[in-house]
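*Asks:* my questions are about this predicted structure, shown below with the sequence.
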Amino acid sequence: MIGTAWSAVGWHRLTLMDERPAQALPRWHTQPILGYFVVSMFLPLLTWGLPALAVLPVLALLRALDAPMILTEIAALPAGVMAIWLSLRLSPVQVSRAVQNPVHIAEAFRRTARMSRPLWGVALLGGLFLGALIKSQMLVTPLLTDAEGYYLSDTVMFLDGTFLWATFILFFLVTISIFNTIYRHMAPDTEPAENR
């Protein structure tokens with residue numbers, strides 16, 4: 001997790017501050033990396049927790065009715081889109097830690113307000129993209145395992161792990177790039193410091 005935060009901070013700083021990496025790795029900045037890590041642990045409790053709480057009763061009902069999996073996925077889609085939209089609206093909270101210019105939750109929500117409507121479209125596409133990544137992993141893994149769920153060979157297990165890492169890296173790059181774009185285009189801070 002710290003490695004992911006380190007990579008994210010490096011990417012944000014390269015893109016937004018034109019900070020070049022030290023040799024092959026991003027520069028180590030203790031405070032931004034730890035701040036980014038902490039925000040990455042707690043912000044999803046808000047952005048993903050609230051929509052999850054809203055959809056859990058529906059998913060429990062569908063499970064009790066033994067509904068087909070496709071109905072569960074369709075029911076979960078609006079909550080996923082809402083969670084992604086909230087994540088996008090609040091993404092400046094994370095990015096600001098990387099560039100050492102803190103933006104707080106209310107301020108991020110206020111400063112991304114003018115992007116609110118377009119971000120619904122991005123959230124919908126993000127939900128479909130994330131769903132496709134998860135579904136691809138769910139489709140590939142059963143092809144590589146036997147009836148009892150064991151991998152067919154060590155090579156197959158390695159290939160599945162490689163596929164999982166490739167999907168994570170793709171998700172990571174797309175997400176960090178979108179967060180950078182939102183941070184770059186959010187409204188300037190016009191509120192006096194004493195009101196924040």
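*Replies:* On my side now, so go ahead.
*Asks:* sketch out the low-pLDDT regions of the protein for me.
*Replies:* For the chain, applying pLDDT under 70 flags the ranges 189-196.
*Asks:* now the helices for it?
*Replies:* Assigned by DSSP state H, the chain shows helices spanning 2-17, 30-47, 49-64, 69-89, 91-98, 105-111, 116-143, 154-185.
*Asks:* so which of those is the most packed in?
*Replies:* helix 91-98 (a mean of 25; mean count of other Cβ atoms under 10 Å). For glycine as for every other residue, the C-beta is placed from the backbone atoms N, C-alpha and C.
*Asks:* now for that one, which elements pack on it?
*Replies:* When contacts are defined as 3 or more Cβ pairs under 8 Å, 6 or more residues apart in numbering; DSSP states H and E, helix 91-98 packs onto helix 2-17, helix 30-47, helix 105-111, helix 154-185.
*Asks:* list the buried residues of stretch 18-31.
*Replies:* Under the neighbour-count criterion of 16 or more other Cβ atoms under 10 Å, stretch 18-31 has 19, 26, 27, 29 buried.
*Asks:* contact partners of it?
*Replies:* When contacts are defined by Cβ atoms under 8 Å, 6 or more residues apart in numbering, stretch 18-31 is touched by residues 6, 7, 9, 10, 11, 13, 14, 100.
*Asks:* and the two most separated of those residues?
*Replies:* 7 and 100 (17.2 Å; Cβ to Cβ).
*Asks:* nearest to residue 121, of the helices and strands packed on helix 91-98?
*Replies:* Comparison of the helices and strands packed on helix 91-98 against residue 121 by Cβ to Cβ identifies helix 154-185 as nearest, at 12.0 Å.
*Asks:* which other helices and strands contact that closest one?
*Replies:* Helices and strands touching helix 154-185, by 3+ Cβ pairs under 8 Å, 6+ apart, are helix 2-17, helix 69-89, helix 91-98, helix 116-143.
*Asks:* please repeat the previous calculation with a cut-off of 6 Å.
*Replies:* Where contact means 3 or more Cβ pairs under 6 Å, 6 or more residues apart in numbering; DSSP states H and E, helix 154-185 is packed against helix 2-17, helix 91-98, helix 116-143.
*Asks:* mind checking those helices for the one nearest to residue 71?
*Replies:* Shortest distance between residue 71 and the helices and strands packed on helix 154-185, using Cβ to Cβ, is found for helix 116-143: 14.5 Å.
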